Every structure is written in C-alpha cells, then in structure tokens.
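J.: generate a structure from the sequence data that follows.
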Amino acid sequence: MHVAKDDTVIVLSGRSRGKMGRILRVYPDKNQVIVEHINMVKRHTRPNPTKGVKGGIVEKEAPIHVSNIMVIDPSSGKPTRVGHKRLADGRKVRISRKTGEMIGKEK
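T.: Numbering: from 1, shown residues only. Sure thing, here's the model as predicted:
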C-alpha cells in the first residue's frame, strides 16, 4: 500500500472531500484505512455495564478506500504520489514523486 499509519492524507472524493487527517489504522487486506475525523458515522450503541460501555449515539470514524486519499508531501505540504526506492544499504523507502524526499519512516 502507498500509505502507512500516522501519514497525513487528504481526501480526494466522497462527502469528506478536501479534508485532511492522520491515518489511525490500515486494513491492507481490504485496501481501506481509517482517517482521523474523516467519514464520521453515527452508531446507536446499547449499554453494556460489564464492558463499561454507556448507551447512546456514538460518533466514530468509518473506513475509507485508499484510492480516495492522497499522501501529503512533508516538505511542501501539498498532495503527492508515492514511489518506492531502494537505498544503498538495501532498505526500501517511500518517496514523494513531486520532491523526491523520503516519506515517513523506513520499511
């Protein structure tokens, strides 16, 4: 996947288009991610005293497909495509296609 946890992304389509957020969780098998404060849904929850859950309407983030988000370049702050590159010591890193700089931490 071209995204990883803690990446800052922008939403390209859907009702949250144009909003930015940080990736909280990645589901590679479904090609989906959960982005902080994006794609909020309301869930009606029943109280469960054994688990300490209060009842009521809970707002939480729903997964969004990775094709609908784009990584923000750390140096320019603009959306960019992601490429992969092998370093001299054999590590594989993600790079920004706009600036060529490394994105996030190494894999």
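
J.: going forward, measure contacts and count neighbours with C-alpha atoms only.
T.: OK.

J.: hey, where'd the strands end up in the protein?
T.: 8-11, 20-27, 32-35, 40-45, 56-61, 64-65, 69-72, 79-80, 82-86, 92-96, 102-103 (DSSP state E).

J.: give me the neighbour count for residue 37.
T.: 17 (other CA atoms under 10 Å).

J.: next: residue 19.
T.: Residues lying near residue 19 (other CA under 10 Å) number 15.

J.: how near is it to residue 37?
T.: When distance is defined by CA to CA, to the nearest Å, residue 19 is 9 Å away from residue 37.

J.: residue 45 against residue 59, yeah?
T.: No: applying CA atoms under 8 Å as the test, residue 45 and residue 59 come out as separate, 10.1 Å apart.

J.: ok, now which ones touch residue 84?
T.: Listed by CA atoms under 8 Å, 6 or more residues apart in numbering, the contact set of residue 84 reads 92-95.

J.: name only those of those residues that count as buried.
T.: Among the contacts of residue 84, those buried by neighbour count (16 or more other CA atoms under 10 Å) are 93-95.

J.: report the central residue of the chain.
T.: residue 23 (3.0 Å; CA atoms, centre = their mean).

J.: pLDDT wise, what is it at?
T.: We have a pLDDT of 97 for residue 23.
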